[in-house]
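**Student:** with the sequence up front, the predicted model follows.
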Amino acid sequence: MISIMNLWRLSNIGVFDPKSEQFAAYPPPTPGSVARCGGLDVQGPLE
């Protein structure tokens, strides 16, 4: 299962894939903003 985290100090959203042991950081869509909450399941984002 992929882990998604909020990287507050870096103003990024982090993603870790344990199968490949790869970590990636992505900027939020709006510069300077941070993710407050969210959710995913096997079918994609929850609304």
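**Tutor:** Yep, it's here.
**Student:** so where's this protein uncertain?
**Tutor:** Along the chain, segments meeting pLDDT under 70 span 8, 34-42, 44-47.
**Student:** which stretches of it form helices?
**Tutor:** With DSSP state H, there are no helices along the chain.
**Student:** do a quick rundown of the strands in it.
**Tutor:** 3-7, 12-17, 22-26, 40-41, 44-45 (DSSP state E).
**Student:** between the ones you listed, which one is nearest to Gly32?
**Tutor:** For the strands of the chain, the distance to Gly32 is smallest for strand 12-17, at 11.4 Å, taking C-beta to C-beta. Any C-beta I mention is one placed from the backbone N, CA and C, and that applies to glycine too.
**Student:** report the distance from the closest one to the chain centre.
**Tutor:** Mean C-alpha position of strand 12-17 versus that of the full chain (C-alpha atoms, centre = their mean, to the nearest Å) differs by 4 Å.
**Student:** only C-alpha atoms, please: export it in CSV.
**Tutor:** This file holds the C-alpha atoms of strand 12-17, laid out as CSV (Å, rounded to 0.1, in the frame of the first residue of the first chain):
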residue,chain,number,x,y,z
ASN,A,12,5.1,19.3,-0.4
ILE,A,13,3.0,16.2,-0.5
GLY,A,14,5.1,13.1,-0.1
VAL,A,15,4.4,9.6,-1.5
PHE,A,16,6.2,6.4,-0.5
ASP,A,17,5.9,3.1,-2.4
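**Student:** going forward can the numbers begin at 20, since that is how I track them
**Tutor:** Sure, I'll start counting at 20 from here, so that last one is strand 31-36.
**Student:** that strand pairs with which strands, and in what direction?
**Tutor:** Take DSSP bridges as the rule and strand 31-36 pairs in its sheet with strand 22-26 (antiparallel), strand 41-45 (antiparallel).
**Student:** nice, that's everything, thank you.
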